[in-house]
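Novice: I would like the atomic coordinates for the input below:
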Amino acid sequence: MRETLRVAAYAMCIRDDQVLLARWTDTQGRPEWTLPGGGMEHGEDPYDTVRREVEEETGYLVEITGLLGVRSRNITISRRFRRTVHHHGVGLVYEARVTGGELRYEVGGSTDMAAWHPLADVPGLRHVDLVDVGLRLWRERPVTGRVTVPGQE
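Specialist: A predicted model of the protein is given here:
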């Protein structure tokens, strides 16, 4: 079985009881909301990754105000020709504050929309579990920098 590793950095931007989310399309073509952020480029510091990715996906410039935690996820993915891949994703979740720029949509990237959503509305949105992880890290601020979500204990 092939093994892959992806390291990424994401931002929790909260203001006025709203969270900034980016929309991407899953493998079945369905739109889902996620935290703005993405994969590190070779040699890039994750701090720089999250700032770059937020600007690319939302148009905003952000100041990193803290490291909330790390999400480590292992999944097995079925690929074409009956090949399977064991994928390990490591995501650093930062707290960030918008300092400039203007909200806009990403063109030609991995997301197609960005928007502020009331925190109370998040459970009703079609979203990836990374959003739940980020919100728990932001609310609970565990010393270990780790939380689990149902189904991923």
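Novice: switch to C-alpha atoms for all contacts and neighbour counts from now on
Specialist: Noted.
Novice: residue boundaries of the helices in the protein?
Specialist: Using DSSP state H, the helices found in the chain span residues 46-58, 129-140.
Novice: and those helices as TSV, adding mean pLDDT?
Specialist: Below are those laid out as TSV (pLDDT from 0 to 100):
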stretch	mean pLDDT
helix 46-58	97
helix 129-140	96
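Novice: residue ranges for the strands of this protein, please.
Specialist: With DSSP state E as the criterion, the chain has strands at 2-15, 18-25, 31-34, 37-39, 60-78, 84-101, 111-118.
Novice: closest one to residue 142 among those?
Specialist: Nearest to residue 142 among the strands of the chain is strand 60-78; the distance by Cα to Cα comes to 8.0 Å.
Novice: what angle sits between that closest one and strand 2-15?
Specialist: Relative orientation of strand 60-78 and strand 2-15, computed by axes from the mean of the first three to the mean of the last three Cα atoms, to 10 degrees: 150 degrees.
Novice: send me strand 60-78 as PDB with only the CA atoms.
Specialist: Written as PDB, here are the backbone C-alpha positions of strand 60-78 (Å, rounded to 0.1, in the frame of the first residue of the first chain):
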ATOM      1  CA  TYR A  60      -7.600  39.000   3.600                       C
ATOM      2  CA  LEU A  61      -4.300  39.700   5.200                       C
ATOM      3  CA  VAL A  62      -4.000  38.200   8.600                       C
ATOM      4  CA  GLU A  63      -1.900  38.400  11.800                       C
ATOM      5  CA  ILE A  64      -1.300  35.100  13.500                       C
ATOM      6  CA  THR A  65      -2.200  35.500  17.200                       C
ATOM      7  CA  GLY A  66      -1.600  32.000  18.400                       C
ATOM      8  CA  LEU A  67      -1.200  28.300  17.700                       C
ATOM      9  CA  LEU A  68      -4.400  26.600  18.700                       C
ATOM     10  CA  GLY A  69      -3.400  23.000  18.100                       C
ATOM     11  CA  VAL A  70      -2.600  20.200  15.700                       C
ATOM     12  CA  ARG A  71      -4.900  17.800  13.900                       C
ATOM     13  CA  SER A  72      -3.500  14.500  12.800                       C
ATOM     14  CA  ARG A  73      -5.700  12.300  10.600                       C
ATOM     15  CA  ASN A  74      -5.000   8.900   9.100                       C
ATOM     16  CA  ILE A  75      -7.300   7.600   6.300                       C
ATOM     17  CA  THR A  76      -7.200   4.900   3.700                       C
ATOM     18  CA  ILE A  77      -8.200   6.100   0.200                       C
ATOM     19  CA  SER A  78      -9.300   3.800  -2.600                       C
END
